[in-house]
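Novice: My questions concern the predicted model and sequence given below.
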Amino acid sequence: MKNWDPLDEQGACSVDRDCEDAYRVCQKLDIPFHQVSYVKEYWNEVFSDLLKEYELGRTPNPDIVCNKHIKFNYFLHYAMDNLAVKLLQGADLFKDQTFFLSQISQDALRKTIFPLGDLTKSFVKKIAAEHGLHHVLKKKESMGVCFIGERNFENFLLEYLEPQPGNFVSIEDQKVMGTHKGWFLYTIGQRAGLAGLKDAWFVVDKDVSTGDVFVAPSTDHPALYRDLLRTNRVHWIAEEPPAELVRDKMMECHFRFRHQMALVPCVLTLNQDGSVWVTLVKPARAITPGQFAVFYKGEECLGSGKILRMGPSVYTMQQGKKREQSPKKEEVDKIEPAT
């Protein structure tokens with residue numbers, strides 16, 4: 001902070017020396033250096049009060065007044081409101097929570113400390129054991145919906161949503177494979193649970209307008225794989241949006257849409273409404289609308305956006321190529337029979 005302008009009694013200004021010393025320390029520690037001036041505020045709220053107190057015959061304490069008005073008011077708000085904080089992955093990547101924190105605001109993160117971020121869960125358990133907290137060491141981890149827990153999810157949803165019966169339809173030949181109580185009960189990639197079939201079938205797509213749930217006979221069916229999606233307006237954590245993305249309209253980074261899934265290299269394309277197209281280097285399985293696409297650069301979580309649209313599946317593209325490669329009827333008619 002620069003809070004005083006005039007030279008001292010010897011005609012030297014120590015402020016510049018102080019700034020240089022602080023700057024050199026920041027260089028040594030490889031942290032950013034910021035300078036802010038509160039000369040006017042210091043004069044009006046600290047120094048004027050000091051002069052007034054002396055005129056009244058009292059002996060003031062300007063350090064207390066400076067802390068109140070300058071350091072822990074103006075300077076605090078500058079630090080809180082102008083310096084962006086980053087959200088970094090924890091040391092225990094298996095238990096890292098950045099995926100679930102990817103929509104948190106700067107205002108909240110500036111006031112938050114994650115004391116376990118540098119520790120693995122096994123080490124935390126060791127500390128707990130050393131302090132006699134054995135009653136919590138064997139507790140099962142919380143699973144299921146936040147604050148609701150594990151339930152029979154189909155029965156749970158049907159307590160609150162009306163059934164909407166529809167058909168399971170094969171993605172390959174459009175054959176009806178069975179019926180269901182509501183398309184909203186199924187998510188892409190899960191087992192369809194078709195009765196009377198020897199092999200498992202998996203949900204690959206849904207048609208909300210007809211209620212059809214499309215299924216395929218393999219957990220790795222190409223209809224489950226896509227390499228393009230679009231989000232809603234992305235919530236960026238430290239920089240909105242990142243300077244590289246604003247400058248180039250495109251940016252390379254990594255993405256995941258499920259906690260603990262391997263990060264997938266991708267390219268983001270920025271849209272005017274703040275949403276992004278996400279093009280994956282290789283197709284990912286079971287990308288699901290409504291889930292969040294969470295973006296990373298190195299160990300930093302950049303933010304996330306809700307998945308609203310998806311590009312065609314690998315299966316759809318394969319079928320399209322087959323149709324393009326097949327000769328048209330008029331071309332077949334022109335082929336002369338062999339003699």
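Specialist: Arrived safely, thanks for sending.

Novice: Residue ranges in the protein under the pLDDT threshold?
Specialist: For the chain, the stretches flagged by pLDDT under 70 are 6-14, 144, 147, 326-339.

Novice: Going by length in residues, pull out the top helix of it.
Specialist: Determined from DSSP state H, the single longest helix within the chain is helix 14-29.

Novice: List the buried residues in the helix or strand following that helix.
Specialist: Next helix or strand after helix 14-29 toward the C-terminus (DSSP states H and E): helix 39-42. Neighbour counts over helix 39-42 (16 or more other C-beta atoms under 10 Å) mark 41-42 as buried. Every residue, glycine included, has its C-beta placed from N, CA and C.

Novice: Buried residues of the following helix or strand past helix 39-42, list them for me.
Specialist: Where DSSP H and E defines the elements, the next helix or strand beyond helix 39-42 is helix 48-55. For helix 48-55, the buried set under the neighbour-count rule, 16+ other C-beta under 10 Å, is empty.

Novice: Who are the packing partners of helix 48-55?
Specialist: Judged by 3 or more C-beta pairs under 8 Å, 6 or more residues apart in numbering; DSSP states H and E, the packing partners of helix 48-55 are helix 62-66.

Novice: Dump the helix it packs on to PDB, restricted to CA.
Specialist: Extracted in PDB, the C-alpha atoms of helix 62-66 (Å, rounded to 0.1, in the frame of the first residue of the first chain):
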ATOM      1  CA  PRO A  62      -2.900   6.400  14.500                       C
ATOM      2  CA  ASP A  63      -1.900   2.700  14.100                       C
ATOM      3  CA  ILE A  64      -5.200   1.500  15.500                       C
ATOM      4  CA  VAL A  65      -7.200   3.900  13.300                       C
ATOM      5  CA  CYS A  66      -5.100   2.900  10.200                       C
END
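
Novice: what comes up buried for that helix?
Specialist: Quick answer for helix 62-66 (16+ other C-beta under 10 Å): 65-66.

Novice: now swap in stretch 187-197 and tell me
Specialist: So stretch 187-197, judged by 16+ other C-beta under 10 Å, has buried residues 188, 192, 194.

Novice: Looking at these, spot the one nearest M261.
Specialist: I188 (13.9 Å; C-beta to C-beta).

Novice: need the helices for the chain, in chain order.
Specialist: 14-29, 39-42, 48-55, 62-66, 76-82, 106-110, 121-130, 134-137, 153-158, 243-248, 314-325, 329-334.

Novice: Save the ones you listed as JSON lines, and put in distance to R258 too.
Specialist: Compiled in JSON lines, the helices of the chain are given as follows (distance: least, C-beta to C-beta, whole Å):
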{"stretch": "helix 14-29", "distance to R258": "37"}
{"stretch": "helix 39-42", "distance to R258": "49"}
{"stretch": "helix 48-55", "distance to R258": "58"}
{"stretch": "helix 62-66", "distance to R258": "51"}
{"stretch": "helix 76-82", "distance to R258": "33"}
{"stretch": "helix 106-110", "distance to R258": "23"}
{"stretch": "helix 121-130", "distance to R258": "19"}
{"stretch": "helix 134-137", "distance to R258": "27"}
{"stretch": "helix 153-158", "distance to R258": "16"}
{"stretch": "helix 243-248", "distance to R258": "23"}
{"stretch": "helix 314-325", "distance to R258": "19"}
{"stretch": "helix 329-334", "distance to R258": "45"}
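
Novice: R230: which of the ones you listed is closest?
Specialist: Among these, helix 243-248 sits nearest to R230 (C-beta to C-beta), with 15.0 Å.

Novice: which strands and helices sit next to the closest one?
Specialist: Going by 3+ C-beta pairs under 8 Å, 6+ apart, helix 243-248 lies up against strand 264-270.

Novice: Quick check: chain neighbours aside, which residue is closest to S218?
Specialist: F202 (7.0 Å; C-beta to C-beta, 6 or more residues apart in numbering).

Novice: need the contact list for the one you found.
Specialist: 189-192, 215-219, 221, 224 (C-beta atoms under 8 Å, 6 or more residues apart in numbering).

Novice: for those, which one is nearest L51?
Specialist: G189 (72.5 Å).

Novice: Touching, K206 and G189? I think so.
Specialist: No - using C-beta atoms under 8 Å, K206 is not in contact with G189; the gap is 11.7 Å.

Novice: Need the residues touching each of these two.
Specialist: By C-beta under 8 Å, 6+ apart, no residue touches both K206 and G189.
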